[in-house]
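J.: Need a 3D model of the following:
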Amino acid sequence: ACVRTTVAMAWASPGGTARSKQRGRLSRPRRRRVGDALAALAQEISALESCVAAVQEASAPETEPASPPPAAEEAASPQRPPPPPGADGPPDDRPAAAAGYGYALDEDHTIRTTAAIRAMAQDNAVMRQNVSDHDAVLRAVLAEVRRLRAEASHMKHLCAQAVDLQGALGSEVRAQEALRREGAQLAARNADLLALAQDALAAEGDVERSAFADGLAAENAMLWRLVHASRYASMMSSAPVQATPIPTRKQRLTLSSRSSHSRTSSGVSASTPSRASHGGGGGGGGGGDTPPCKALAFSQDSPPPKLVGAVASSDIGDADAGAAGAGGSSGSPRPAAS
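T.: Here you go, the predicted model:
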């Protein structure tokens, strides 16, 4: 009864109530294990109770003996406990001595029972502590499992992102290779074009280029004549001097006529007017230069503008003479235009 009361008080304690409430939220396998442990504890408690009852029955003293024990029985039972002190005394003191002996036996039995109950209570406390430790360990294991599951799902997501990034990186690598190939093709094309340009610049005796240079030189001379004529006209209009007839403008040849003339010519291009030709009255120069060099020399040797009327008229005459010399060297006269 004491053991049952102790167990009931232990389970009725606040900690036991809280654990019972927490146990209601446990999983089924865990509930099953806790139930098996409690059943084993109940069986052990019942076995201990039966042992205590047997000990009590075996150690129960005889309160009222029917007849005094004979000497034969005393001789036959050597294991009987010695008589209590005062049993050999006068007859009036024997009941008190028997009562004291029974009290001593009851006290010994009570001490043993109390020790057994204390041991059982200690075992119960240890088992409850073990159960609480197992509960804490299981809770930690469940928390770790939940954390590992979250990490596993996160790792799956990261693996999917890594696969996507790997595909994007592969496409970028392919695009970079295509751009490299295209760059190599463009570099080769550029090298070819540079080689062609260098060959074209180094080539000499090109008919079309010579004709083009001659046309540029003739057009430059005509422009200078127009500039001098306009300056002369402006000065003559402001001064009371006899007007001088304006030189007529000659019509320049077309590209086809120049090409045909260059094919029929001996291969030597016509000379361009220069500063020396203007100073000396006209003439050819630089027959061995290439057409781009001749055009550059003409542009550098073009006569600077002059402000005096008489000098401007002489320059107009020189320019006409230079244009006539260029026309004579080309072999065909240029028609005049009003």
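J.: so where's the stretch 151-300 of the chain uncertain?
T.: By pLDDT under 70, the weakly predicted segments of the stretch 151-300 of the chain are 203-206, 238-300.
J.: got the residue ranges for the helices in it?
T.: Under the criterion DSSP state H, counting those that start in this stretch, the stretch 151-300 of the chain carries helices at the ranges 207-238, 255-264, 275-280, 291-300.
J.: Please identify which helix or strand holds residue 119.
T.: Assessed by DSSP states H and E, residue 119 sits inside helix 94-202.
J.: and the angle for that helix with helix 207-238?
T.: 70 degrees (axes from the mean of the first three to the mean of the last three Cα atoms, to 10 degrees).
J.: just checking, what packs against helix 94-202?
T.: The contact analysis (3 or more Cβ pairs under 8 Å, 6 or more residues apart in numbering; DSSP states H and E) places helix 94-202 against helix 2-12, helix 14-24, helix 28-58. To be clear about C-beta, it is placed using only N, CA and C from the backbone, and glycine gets the same treatment.
J.: switch the cut-off to 7 Å
T.: Under the contact criterion of 3 or more Cβ pairs under 7 Å, 6 or more residues apart in numbering; DSSP states H and E, helix 94-202 touches helix 2-12, helix 28-58.
J.: Break the chain down into its domains, please.
T.: Listed by the TED database, the domain ranges of the chain are 107-175, 206-236.
J.: Dump those domains to JSON lines, plus distance to residue 47 and mean neighbour count.
T.: Shown next, in JSON lines, are the domains of the chain (distance: least, Cβ to Cβ, whole Å; neighbours: other Cβ atoms under 10 Å):
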{"stretch": "domain 107-175", "distance to residue 47": "11", "mean neighbour count": "11"}
{"stretch": "domain 206-236", "distance to residue 47": "127", "mean neighbour count": "18"}
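J.: Quick one: these as a markdown table, columns for distance to residue 189 too.
T.: Shown next, in a markdown table, are these (distance: least, Cβ to Cβ, whole Å):
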| stretch | distance to residue 189 |
| --- | --- |
| domain 107-175 | 21 |
| domain 206-236 | 24 |
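J.: Compare the ones you listed and give me the one nearest residue 41.
T.: Shortest distance between residue 41 and the domains of the chain, using Cβ to Cβ, is found for domain 107-175: 6.3 Å.
J.: So for residue 36, which of the domains of the chain sits nearest?
T.: Among the domains of the chain, the nearest to residue 36 by Cβ to Cβ is domain 107-175 (11.6 Å).
J.: follow-up on the earlier one: closest to residue 35 out of the domains of the chain?
T.: Among these, the nearest to residue 35 by Cβ to Cβ is domain 107-175 (11.7 Å).
J.: which one of the helices and strands packed on helix 94-202 has the lowest average pLDDT?
T.: Note on these: helix 2-12 shows the lowest mean pLDDT, a mean of 48.
J.: circling back: tell me which of the helices and strands packed on helix 94-202 sits nearest to residue 143.
T.: Nearest of the helices and strands packed on helix 94-202 (Cβ to Cβ): helix 28-58, 14.8 Å.
J.: quick check: angle from the closest one to helix 94-202?
T.: Computed by the same axes, to 10 degrees, the angle separating helix 28-58 from helix 94-202 equals 160 degrees.
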